[in-house]
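[1] Output the structure for:
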Amino acid sequence: MKRIWPFRSRQDGVKAAAPEVQVEDDEQRYKPIEWPLIKRVLRDLLPYKGLYGAGLGLGVVMLILDMQSPRFMQFVIDHVSAYASGRLPGMSERSACWKVVKIVAIWAVVAAVARVLERYVILLMTLAGERVQFSLRRRLFAHLQRLSMSYYDK
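    Residues are numbered from 1 along each chain as shown. This is a model prediction of the structure:
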């Protein structure tokens, strides 16, 4: 028996069958949404809606900029193929090359702006998440401070 690392073993050219996965019938397939829990989480996120909104807005702008790459590629291909087939009369080789360089430069600027926005989205969403965690910790600690000493003696 020859062992093929790490997933399967083979015996003289015959593939080994995948191991069967045992599923218990009483196991719950999915857990339904608990709406009171969702409402409570949204209530905890509500004070930071500005940060989350800014993060989502910048994220949408970043995605729109990221999706422009195929369009820039289309411009380059269209321009080069039009020049090569002679559909751009009066355009010199030098000016055709400069137009391609300009398109690529604009593409690079758009990609750089998208990367900067991506970093700001990460920073904003992380900041919002950290603030939510801090407020939850502060609320939990305040609740623990209000409990009587007899609670801790149990």
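[2] use CA for all of it now, contacts and neighbours both
    OK.
[3] all helices in the chain, in order from the N-terminus.
    With DSSP state H, the ranges of helices along the chain come out as 35-45, 49-66, 69-84, 93-146, 149-153.
[4] Tell me which of the ones you listed sits nearest to R29.
    Relative to R29, the nearest member of the helices of the chain by CA to CA is helix 35-45, separated by 18.7 Å.
[5] From L144, how far off is R137?
    From R137 over to L144 the distance is 10 Å, taken as CA to CA, to the nearest Å.
[6] again, but for G59
    Going from G59 to L144 by CA to CA gives 38 Å.
[7] ok, these two, which is more surrounded?
    G59 (20 against 12; other CA atoms under 10 Å).
[8] Spit out the contact partners of the closest residue to the more buried one other than its chain neighbours.
    What sits nearest to G59 in space, not counting adjacent residues and going by CA to CA, 6 or more residues apart in numbering, is V121, at 6.0 Å. The contact partners of V121, by CA atoms under 8 Å, 6 or more residues apart in numbering, come to G55, L56, L58, G59.
[9] And E118, by the same measure?
    By CA under 8 Å, 6+ apart, the residues touching E118 are L58, G59, M62.
[10] could the residues you listed go into a markdown table alongside distance to T126 and pLDDT?
    Output for the contacts of E118, formatted as a markdown table (distance: CA to CA, whole Å; pLDDT from 0 to 100):
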| residue | distance to T126 | pLDDT |
| --- | --- | --- |
| L58 | 14 | 97 |
| G59 | 13 | 97 |
| M62 | 17 | 97 |
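[11] any idea which of those is closest to Y83?
    Nearest to Y83 among these, with distances taken as CA to CA, is M62, at 32.4 Å.
[12] on that earlier part again, tell me the confidence at the residue nearest to G59?
    V121 is assigned 97 on the pLDDT scale.
[13] likewise Y151?
    Y151 carries a pLDDT value of 86.
[14] All good on my end, thank you.
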